[in-house]
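Engineer: Please work out how this folds:
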Amino acid sequence: MKFTPLLLISLVSFTAASAPAAAQRKLNVLFIAADDLNVDLGCYGHPLVKSPNIDRLAERGVRFDRAYCQYPLCNPTRASLMTGRRPDTTRVFNNQPHFREALPDVVTLPQLFRQNGYYVARVGKMFHAGVPMEIGMDGKDDSPSWDHVVNPRGRDRDDEDSLVNFTPGRSLGSCLCYLSAEGTSEEQTDGKVAGEAIKLLEQNRDRPFFLGVGFYRPHSPHIAPKKFFDLHPLEKIQAANNPPNDLDDIPAPALWIRPPHWGLTEPQQREVIQGYYASTSFMDEQVGKVVDALDRLKLTDKTIIVFWSDHGYLLGLHGQWMKWLLFEGSARVPLIMAGPGISKGRTCGRTVELLDMYPTIADLCSLTPPVGLEGRSLRPLLKNPKANWSRPAYTQQVRLTDKNLPMGRSVRTERWRYTEWDEGRAGAELYDEAKDPDEFTNLANDPKHAKTVTELKALLHKNRR
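Structural biologist: This next block holds a predicted model:
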């Protein structure tokens, strides 16, 4: 074939023009995680908690109203989200194992981006790290997943001796304690996480990136500068209102705190809740700083933003606190996605799982995910939050009882939650979430709901490996 000078000029011009266009088609990912955050947020309808930055993020994207973790404990659910595999596959059922013990060759979500030419970094907690003892450390991080890591450490670690601690016999990561801290937000670990994340955004604005930003709050101990406590006056905070005999119809393995509230008085419970809400608002401020930096750097139009928490958190309902529970409050998580190709200011009521994050983000960024992912891309719901969607959400956990380890498994549809302990041998629970959102009435043994139990039992066991 003979090339004329004009044709050669045209080919060179086309190549030069198409190369930048191809580069522009690569979307960045800003992957923001909160630790132990439930849905007590303004955008989820909470009347007291101040979360203006997360609320603002919800206004520019899709907020999932029924999103659920795979396991209400940090290490298992983070391992599941980051590998795209259920806990039965990762074999991570507590905070000790590393997922590569069972899956040595698995390609994690950030690792997929790294393999596709992205700059991939994390600041703070993305994979599991014990809080507070491993703040400033790698914890159970995964080196193949990142090009660069930053482990900030703030004054909160140094101020722990000043905590108000109502359960001094417990570790600080699993206690009911708080601190209205002196100093500024920037001195706290999460303030440093935000600052380091902004630096990485500024340094890598001209190349495609996947940036994981892992905040440590509101995880216990609930530490935040005093101004965030002032946002939530103690006189406006109410302790959980549990009806008499609430626990009578709940199977024993479903509960882990005995006596209820570990004996805390009602005023003490309210103080702990205030600490949790203050920590939430403090973390929200840091989210706002990072998202504002993204906007300032003019990266918004080419960045997928994901905000999520690893599991929910109970604040006294059924006399229970924290996580490691299969109730709605500990299984349900906040999940917000915003960016190119995503509807703005919409709410999705479909049941989705954190497990779905891996295939969704890969899909949005036109990357081919590895074989074996157990979730499903949420892209149809990001375009149309009311699109047909028939998938339920599954959450599971092991409960230590009398030296046995019965597994609890729960399935959530848009109306019902059904849970079995040790395949039903240790008890079952059925809650009508539309009529009983606090799950005060267990309908599992009600003959009127026998058909519903049969249907949900089949759905639950369908998911068994």
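
Engineer: Return the residues in contact with Asp249.
Structural biologist: Taking Cβ atoms under 8 Å, 6 or more residues apart in numbering as the criterion, Asp249 is in contact with Thr441, Asn442, Asn445. Every C-beta, even on glycine, is put in place using the N, C-alpha and C of the backbone.

Engineer: any idea which of these has the most stuff around it?
Structural biologist: For the contacts of Asp249, neighbours were counted using other Cβ atoms under 10 Å, and Asn442 has the most, 19 neighbours in all.

Engineer: which ones are touching that one?
Structural biologist: Remark: with contacts taken as Cβ under 8 Å, 6+ apart, Asn442 is in contact with Asp249, Ile250, Glu429, Leu430, Tyr431.

Engineer: Quick check: it vs Phe113, distance?
Structural biologist: For Asn442, the distance to Phe113 equals 44 Å [Cβ to Cβ, to the nearest Å].

Engineer: hmm, which of the contacts of Asn442 are the buried ones?
Structural biologist: The neighbour-count test (16 or more other Cβ atoms under 10 Å) marks Ile250, Glu429, Leu430, Tyr431 as buried among the contacts of Asn442.

Engineer: Would you mind putting these into CSV with pLDDT alongside?
Structural biologist: Below are these laid out as CSV (pLDDT from 0 to 100):
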residue, pLDDT
Ile250, 97
Glu429, 98
Leu430, 98
Tyr431, 98
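
Engineer: what's stretch 423-436 in contact with?
Structural biologist: Outside stretch 423-436, the residues within contact range by Cβ under 8 Å, 6+ apart are 250-254, 326, 328, 401, 406-407, 409, 412, 415-421, 439, 441-446, 449, 452-453, 456-457.

Engineer: And for Thr351, the neighbour number?
Structural biologist: Burial of Thr351 is recorded as 21 neighbouring residues (other Cβ under 10 Å).

Engineer: Am I right that it falls within a helix?
Structural biologist: No: when classified by DSSP: H, G, I helix; E, B strand; the rest coil, Thr351 is found to be strand rather than part of a helix.

Engineer: Please name the residues that touch the most centrally placed residue in the chain.
Structural biologist: Taking Cα atoms, centre = their mean, the centroid of the chain lies closest to Ser309, which sits 1.8 Å from it. Under the criterion of Cβ under 8 Å, 6+ apart, the neighbours of Ser309 are Ala33, Ala34, Asp35, Asp36, Leu37, Asn38, Val333, Pro334.

Engineer: Closest one of those to Tyr358?
Structural biologist: Minimum distance to Tyr358 across these is 14.0 Å, recorded for Ala33 (Cβ to Cβ).

Engineer: Sort out for me which of the contacts of stretch 423-436 are in strands.
Structural biologist: Mapping the contacts of stretch 423-436 onto strands (DSSP state E) picks out Met407, Arg409, Arg412, Trp416, Arg417, Tyr418, Thr419, Glu420, Trp421.

Engineer: Leaving out chain neighbours, which residue sits closest to the last one?
Structural biologist: If I follow you right, that is Trp421. With sequence-adjacent residues excluded and distances taken as Cβ to Cβ, 6 or more residues apart in numbering, Trp421 is closest to Pro253, at 4.4 Å.

Engineer: The closest residue to His222 other than its chain neighbours: neighbouring residues, count only.
Structural biologist: Closest residue in space to His222, ignoring its immediate chain neighbours: Gly275 at 3.4 Å, by Cβ to Cβ, 6+ apart. Using other Cβ under 10 Å as the criterion, Gly275 is surrounded by 26 other residues.

Engineer: my read is Gly275 is in a helix, agree?
Structural biologist: Yes: using three-state DSSP, the assignment for Gly275 is a helix.

Engineer: Confirm for me that Met391 is in contact with Gly375.
Structural biologist: I think there's a mix-up here, since residue 391 is Arg and not Met. No: between Arg391 and Gly375 there is no contact under Cβ atoms under 8 Å: 9.1 Å.

Engineer: which one of those two has more residues nearby?
Structural biologist: Set side by side, Arg391 and Gly375 show more neighbours around Gly375, with 22 against 14, by other Cβ under 10 Å.

Engineer: Quick check: beta-bridge partners of Asn28?
Structural biologist: Thr303 (DSSP bridges).

Engineer: so what's it up against?
Structural biologist: Under the criterion of Cβ under 8 Å, 6+ apart, the contact list for Asn28 reads Pro208, Phe209, Phe210, Leu211, Leu299, Lys302, Thr303, Ile304.

Engineer: go with 10 Å
Structural biologist: 113, 118-119, 201, 204-205, 207-211, 294, 299-300, 302-305, 339-340, 365 (Cβ atoms under 10 Å, 6 or more residues apart in numbering).

Engineer: ditto for Gly345
Structural biologist: Each residue near Gly345 by Cβ under 10 Å, 6+ apart is listed here: Ala58, Glu59, Arg60, Gly61, Val62, Arg63, Ala338.

Engineer: how about 8 Å then?
Structural biologist: Ala58, Glu59, Arg60, Gly61.

Engineer: Ok, Gly288 next?
Structural biologist: When contacts are counted by Cβ under 8 Å, 6+ apart, Gly288 is found next to Pro52, Asn53, Arg56.

Engineer: between these, which has the most around it?
Structural biologist: Asn53 (21 neighbours).

Engineer: Is Thr184 in contact with Pro225, as I believe?
Structural biologist: Yes: A contact is recorded between Thr184 and Pro225 when judged using Cβ under 8 Å, the distance being 6.6 Å.

Engineer: Same drill for those two, tell me which one is more crowded.
Structural biologist: Applying other Cβ under 10 Å to Thr184 and Pro225 shows that Pro225 carries more neighbours, namely 23 against 11.

Engineer: Now that one. Nearest residue, chain neighbours left out?
Structural biologist: Distance criterion Cβ to Cβ, 6+ apart; nearest residue to Pro225, sequence neighbours excluded, is Ala181 at 5.2 Å.

Engineer: what number of residues lie near the residue nearest to Trp421?
Structural biologist: Residue neighbour count, defined by other Cβ under 10 Å, stands at 22 for Pro253.

Engineer: In stretch 196-209, which of the residues would be classed as buried?
Structural biologist: Residues of stretch 196-209 classed as buried under the neighbour-count rule (16+ other Cβ under 10 Å) are Glu196, Ala197, Ile198, Leu200, Leu201, Asn204, Pro208, Phe209.

Engineer: pLDDT on that stretch, on average?
Structural biologist: What stretch 196-209 shows for mean pLDDT is 98.
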